[in-house]
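Trainee: 3D model of this:
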Amino acid sequence: MTTNPTSPKKKVFSSYQVLMIVILALLQFTIIVDFMVLSPLGAILMPQLHMQPNQFGAVVSGYAYSAFISGILAAGFADKFDRKKMLVFFYIGFIAGTLLCATAPNFHFLLIARIVTGLFGGVIGSISFAIITDIFAMEVRGRVMGFVQMALSASQVLGLPIGLFLANRLSWHAPFWMLVIFCSLVLIMIIRFMKPITGHLVVKHDVNPFRHLAKTVTNRQYLLAFGTTTLLATGGFMLMPFSSAFSTNNLGITLDQLTWIYLATGISALLIGPQIGKLSDKIGKLSVFIAGSTLTIITVVIYCNLGVTPLGIVMAISVVMFAGISARMIASSALFTAVPSMQDRGAFMSLNSSVQQLAGGTGAIIAGYIVVQTPSGKLQHYDTLGYVVVCTSLITIFMMYLLNKMVKRIMAARAQASQNAQAAQPAPVARPA
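Mentor: Next up, the predicted model:
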């Protein structure tokens, strides 16, 4: 029997799934912009609030450490409630924390505001990934992650340039006010359009949430994923907080030119993100991760050793480096979703997010003490941070190789268990003619 070439292709996603991808991408966009906007604002915040590099690192890590604590506390309860209700609760708290940032008058108030924001915002990403795992099959999760992670690219294209523009023209408070308004609109969309997500509630769970947390923490299969996340987060958090200060003080880039760099890298990543997702589903998550890591390593070494450099060269290097980072994020995120069993998804994602925040916060603090700002404003030892990122990237490639092998075993075991369950069902009794 031949297939009719003119027959319509089966849709990869239903209309509701497409809507969920849009909502989750917008959600991620707000979370990422809230966190990343501090990096370009660093060149403005440090002189205006009279902060040293280690104090700015504390502001960045304050969010990360509070997110780590909230993720641990939420993990035991993450699989016991409707994921939509969990998402709405934490997103409201996140908006309240962002509002505090918008009104912060000094360093200490801003530090407290970032801690409050992290307490709620740090859990939202884990809930989002649990929702993705609940709604989408493993075979298309690379594609889903490619679209959802476009939020990172969109933050470069829209969030950061607009935030920088508002900060330069009005004040550094303005980007946070912008976020409060936009987040409120996203919250309305979540409440209005997202259906309750309760499929995980039919699976048997530990009655005691702390016992559920302990079992998830001590699961050997999950420990490898947590270790991989630790190294993935450490490198990114070390470079990012001081990238704007390095660009303006060491590379000779102005704040207006910095906006164009973010715009160029964001547009390029926005275009290739979905393609990376499709490629990871087609040739494998590990292959895409290795390619992205290799690209990242090469560009990080070049970038961190630059002196005063023309805008075009900095822009080109940033575009290539961000492409490598996007490939690493999309491939690793898709692979992580296959690790937990259904009854552990929420707890695993919360713990994995907490580990990420803890590692990232530690990386930001360490970076704050490695980097030294001279009286002229230039940053010293930024190249040292680059070499640390290279080392962690090399180790992470090996750990992702082990994780990929483990995921293949897990998927095969689940497929076999599903076949056994179907075979064990009694055959239907034939009715007499």
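Trainee: quick check: the gap between Pro340 and Thr218.
Mentor: According to CB to CB, to the nearest Å, Pro340 and Thr218 sit 14 Å apart. C-beta here means a position set from N, CA and C on the backbone, and glycine is covered the same way.
Trainee: so these two - more neighbours on which side?
Mentor: Neighbour totals were compared for Pro340 and Thr218, and Pro340 leads with 25 against 9 (other CB atoms under 10 Å).
Trainee: and that one, what does it touch?
Mentor: 133, 216, 222, 347-349 (CB atoms under 8 Å, 6 or more residues apart in numbering).
Trainee: out of those, which is nearest to Asn54?
Mentor: Met349 (31.5 Å; CB to CB).
Trainee: that closest one and Ile72: what is the separation?
Mentor: Taking CB to CB, one finds Met349 at 12 Å from Ile72.
Trainee: the two - which one has more neighbours?
Mentor: Comparing Met349 with Ile72 by other CB under 10 Å, the one with more neighbours is Met349, at 29 against 20.
Trainee: quick one, phi psi at that one?
Mentor: Phi and psi for Met349, reported as degrees, to the nearest 10, are phi -60, psi -40.
Trainee: now, which of the contacts of Pro340 sits nearest Ala113?
Mentor: Nearest to Ala113 among the contacts of Pro340, with distances taken as CB to CB, is Met349, at 25.5 Å.
Trainee: tell me which element the residue lying closest to the closest one once chain neighbours are set aside falls in.
Mentor: Sequence neighbours aside, Ser126 is the residue nearest to Met349 in space, at 3.7 Å (criterion: CB to CB, 6 or more residues apart in numbering). Assigning secondary structure by DSSP states H and E places Ser126 in helix 107-135.
Trainee: that helix: which residues count as buried?
Mentor: Applying a neighbour-count criterion of 16 or more other CB atoms under 10 Å, one finds 107, 110-135 buried in helix 107-135.
Trainee: tell me the first helix or strand C-terminal of that helix.
Mentor: In N-to-C order, the element after helix 107-135 by DSSP H and E is helix 141-148.
Trainee: average model confidence for that following helix?
Mentor: Mean per-residue pLDDT for helix 141-148: 75.
Trainee: looking at this protein, which helix or strand is least sure?
Mentor: Counting by mean pLDDT, DSSP states H and E, the chain has its least confident helix or strand at helix 150-154, which shows a mean of 67.
Trainee: the residue nearest to Met349 reaches Gly346, doesn't it?
Mentor: Yes - counting by CB atoms under 8 Å, Ser126 touches Gly346, with 7.4 Å between them.
Trainee: give me the low-pLDDT residue ranges for the stretch 101-250 of the chain?
Mentor: Flagging of the stretch 101-250 of the chain using pLDDT under 70 yields the residue ranges 138, 149, 152-161, 199-209, 212, 236, 241.
Trainee: any buried residues in the helix or strand that contains Ile261, and which?
Mentor: Counting by DSSP H and E, the element that carries Ile261 is helix 255-283. With burial defined by 16+ other CB under 10 Å, the residues of helix 255-283 counted as buried are 255, 258-259, 261-266, 268-270, 272-274, 276-277, 279-281.
Trainee: now the helix of greatest length in the chain: how far from the chain's centre is it?
Mentor: Counting residues, the longest helix in the chain under DSSP state H turns out to be helix 382-424. How far helix 382-424 lies from its chain's middle: 17 Å, per CA atoms, centre = their mean, to the nearest Å.
Trainee: same for that helix, what does it pack against?
Mentor: Here helix 382-424 touches helix 220-239, helix 285-304, helix 311-336, helix 345-370, going by 3 or more CB pairs under 8 Å, 6 or more residues apart in numbering; DSSP states H and E.
Trainee: in TSV: these, plus distance to Leu100.
Mentor: Shown next, in TSV, are the helices and strands packed on helix 382-424 (distance: least, CB to CB, whole Å):
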stretch	distance to Leu100
helix 220-239	22
helix 285-304	34
helix 311-336	28
helix 345-370	19
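Trainee: show me the contact partners of stretch 301-310.
Mentor: 239, 250-252, 314, 317-318, 321, 382-383, 385-387, 390.
Trainee: all good on my end, thank you.
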